[in-house]
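S.K.: Predicted model and sequence follow; I will ask about them next.
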Amino acid sequence: KNQVEQSPQSLIILEGKNCTLQCNYTVSPFSNLRWYKQDTGRGPVSLTIMTFSENTKSNGRYTATLDADTKQSSLHITASQLSDSASYICVVSAYDFGNEKLTFGTGTRLTIIP
Amino acid sequence: EPEVTQTPSHQVTQMGQEVILRCVPISNHLYFYWYRQILGQKVEFLVSFYNNEISEKSEIFDDQFSVERPDGSNFTLKIRSTKLEDSAMYFCASSEGRNTEAFFGQGTRLTVV
């Protein structure tokens, strides 16, 4: 069964500090891995999307890494801001007979405090 | 910037009633999706739609659910006879193609009473 596990479940850090969120997956056949930011009560917003051949991808202060061998990904946030407070969701895409299916992780709830 | 729009933002309905959730995907996108998120839980896939037909659906998407693209711009999710457990946030998403970014709407919060 395809699964995506994220850790930690929640994290509180001081404004200006860095943090790293983890994602482990067992999804097959792997197509791509995405990180989304979801503010409370809003739709997810894409941060990065990485295919099998990509090890790292950056989007401003967000840097995602992917190790397809160990089936792990991380999202590093640099110099956090209060607006970074949100849930961060790891989503893994699999293709099966031409159909794409996304498996969502439960998310990491990040709170930035001043 | 183009965006996926969903209406209504919040709908309250009585158990057993039919509801239709509406979405306008980004105009040049070809793939359309519905997801739901029960309060406090993770986002769950419901259905994907491509080339005017369902390409994939989850076990959640039973006979009570249906999707339609009636006029080339709207993409709707119909729940025929709502149950209390259908209460959730429903998200519509669209993408240009495979391995491309999926853009989500702001969601419709459905409350079944």
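M.R.: Received it, and whenever you're ready, just let me know what you need.
S.K.: So is the lowest-mean-pLDDT helix or strand in chain B next to chain A?
M.R.: Among the helices and strands of chain B, strand B:53-57 carries the lowest confidence by mean pLDDT, DSSP states H and E, at a mean of 89. Yes - Strand B:53-57 is in contact with chain A by C-beta under 8 Å from any C-beta of the partner chain, via B:55-56. The C-beta positions use only the backbone N, C-alpha and C, and glycine is treated the same way.
S.K.: Please name the nearest non-neighbouring residue to A:Gln3.
M.R.: Nearest non-adjacent residue to A:Gln3, counting by C-beta to C-beta, 6 or more residues apart in numbering or on different chains: A:Thr26, 5.1 Å away.
S.K.: Equivalent analysis for B:Gln64, please.
M.R.: That would be B:Arg80: by C-beta to C-beta, 6+ apart, it lies 4.9 Å from B:Gln64.
S.K.: For the one you found, give me its contacts.
M.R.: B:18, B:63-66 (C-beta atoms under 8 Å, 6 or more residues apart in numbering or on different chains).
S.K.: Among these, which lie within strands?
M.R.: B:65-66 (DSSP state E).
S.K.: Mind listing what's buried along stretch B:29-46?
M.R.: Neighbour counts over stretch B:29-46 (16 or more other C-beta atoms under 10 Å in any protein chain shown) mark B:29, B:31-37, B:42-46 as buried.
S.K.: hmm, who's touching the least confident helix or strand of chain B?
M.R.: A:98-101, B:45-49, B:67.
S.K.: Please repeat the previous calculation with a cut-off of 7 Å.
M.R.: Strand B:53-57 has contacts (C-beta atoms under 7 Å, 6 or more residues apart in numbering or on different chains) with A:99, A:101, B:46-49, B:67.
S.K.: Can you go through the residues you listed and name the buried ones?
M.R.: A:101, B:46-49, B:67.
S.K.: Format those residues as a markdown table; extra columns: pLDDT and secondary structure.
M.R.: Shown next, in a markdown table, are the buried ones among the contacts of strand B:53-57 (pLDDT from 0 to 100; DSSP: H, G, I helix; E, B strand; the rest coil):
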| residue | pLDDT | secondary structure |
| --- | --- | --- |
| A:Lys101 | 78 | strand |
| B:Leu46 | 95 | strand |
| B:Val47 | 93 | strand |
| B:Ser48 | 91 | strand |
| B:Phe49 | 92 | strand |
| B:Val67 | 97 | strand |
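S.K.: of all those residues, which comes closest to B:Phe91?
M.R.: Nearest to B:Phe91, judged by C-beta to C-beta, of the buried ones among the contacts of strand B:53-57 is B:Leu46 at 9.2 Å.
S.K.: so how far is chain A from the closest residue to that closest one other than its chain neighbours?
M.R.: Excluding its sequence neighbours, the residue lying closest to B:Leu46 (C-beta to C-beta, 6+ apart) is B:Trp34, at 4.3 Å. Using C-beta to the nearest C-beta, to the nearest Å, B:Trp34 is found at 12 Å from chain A.
S.K.: B:Trp34 is in what secondary structure piece?
M.R.: For B:Trp34, the element it lies in under DSSP states H and E is strand B:31-37.
S.K.: got it, and A:Val91?
M.R.: Applying DSSP H and E, one finds A:Val91 within strand A:86-96.
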